[in-house]
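1. Any chance you can model this:
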Amino acid sequence: MSGTQNRIQKSMENIRASEELKQNTLRYLEMQRTGMKCSIFQRKPYIALRYAMAVICIFLLAGTGGYAVYSRPVSYISIDVNPSIELAINRFDKVVSAKGYNADGQDILQHVALKNISYVQAIDRLLQDAYYSRFLNRDSPLVLTVVSDHSDAMLEQIHANDSFQALDALTYSSDAACMNEAHLHEMSFGKYRAFLELSQYDADITVEDCHGMSMGEIQNRIKTCQGHNGKNAAEGNPAKGHQNGHSKSHGHH
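-> Predicted coordinates for the structure are as follows:
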């Protein structure tokens, strides 16, 4: 069997069709490739047309399957300052969708194209954008959160980016449970992770409160609470609480 036919046969492996139709189609393709004639196709042209149409359908199905693989996200990145943006990443490290979770995030995505480029390129494009960069200042640090089976490798790639290195940014990894909960509250999972961390120190804080706060404000509240905890511990009266189980910090300064 030729190399071309081998590739065609592989493209049909996941297509639901009768084995007879697959084999007949392969034979038809091989005859067309070598210039061989088949008496049945000469006597009954409609049969040749049937197999030609089958070939077209097979390649269309194979193309559809390929697009499904490309468009299926396997990792996610939440990029939060005041704009909250989530990127969905496919197995080829390309951004397949981007969503803004507040008005600033939605506005950014109106004029910064992030789809079909690598997630590192997407982050670099954001950080280089003049409109987006105005949100980045000492009082509003960039917080980046990753949900992926390969979060460590992704964060390593992000940390190596020159634009990212120039910032006093924080990075975290989280999980699908946190992301699903966040989306129920119409919040990016990066910001929701920060809310969960703050709620460990301040039992009165609510998701609704954090909806109206920037990431810088949430982070400042966390630092203030941590400072109070340290003071209480030094006085022999440690505050109750534990580290948020939904996240793992990868502080980058």
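2. From one end of stretch 134-153 to the other, what's the distance?
-> Using Cα to Cα, to the nearest Å, the end-to-end distance of stretch 134-153 comes out at 29 Å.
3. Same question for that stretch: list its buried residues.
-> Buried residues in stretch 134-153, counting neighbours by 16 or more other Cβ atoms under 10 Å, are found at 135-136, 140-148, 151. Heads up, the C-betas are built off the backbone N, CA and C, glycines and all.
4. Report the contact partners of residue 148.
-> With contact taken as Cβ atoms under 8 Å, 6 or more residues apart in numbering, residue 148 is in contact with 74-76, 89, 154, 173.
5. how much space between it and residue 116?
-> Computed as Cβ to Cβ, to the nearest Å, the residue 148 to residue 116 distance reads 19 Å.
6. Narrow the contacts of residue 148 to those in strands?
-> Per DSSP state E, strands hold the following members of the contacts of residue 148: 75-76, 89, 173.
7. related to what we said a few turns ago, relative to residue 181, which of the buried residues of stretch 134-153 is nearest.
-> Within these, the smallest distance to residue 181 is 11.8 Å, found for residue 147 (Cβ to Cβ).
8. ok, which stretches of the chain are strands?
-> Per DSSP E, the chain carries strands over the ranges 75-80, 84-89, 95-100, 143-147, 170-173, 248-251.
9. pretty sure residue 154 is touching residue 74, no?
-> No: in this structure, residue 154 is not within contact of residue 74 by Cβ atoms under 8 Å, at 10.8 Å.
10. Show residues contacting stretch 97-104.
-> With contacts defined as Cβ under 8 Å, 6+ apart, stretch 97-104 is touched by 73, 82-88, 105-109, 114-115, 122, 135, 186-188, 191.
11. can you pull the pLDDT of the residue lying closest to residue 147 once chain neighbours are set aside?
-> Spatially, and ignoring its direct neighbours in sequence, residue 147 is nearest to residue 76 (4.4 Å; Cβ to Cβ, 6 or more residues apart in numbering). pLDDT for residue 76: 98.
12. follow-up on the earlier one: check the contacts of stretch 97-104 for burial and list the buried ones.
-> When those are checked for burial by 16+ other Cβ under 10 Å, the buried set is 73, 82-88, 105, 108-109, 114, 122, 135, 187-188, 191.
13. how many other residues sit next to residue 190?
-> A count of nearby residues for residue 190, using other Cβ atoms under 10 Å, gives 31.
14. Let me fix that, I meant to ask about residue 159.
-> If you count neighbours by other Cβ under 10 Å, residue 159 ends up with 14.
15. same thing with residue 120?
-> Look at residue 120: counted by other Cβ under 10 Å, it has 16 neighbours.
16. Now residue 149: phi and psi?
-> Dihedral pair for residue 149: phi -70, psi -10, per degrees, to the nearest 10.
17. Next up, the contacts around it.
-> Contacts of residue 149 by Cβ under 8 Å, 6+ apart are 74-75.
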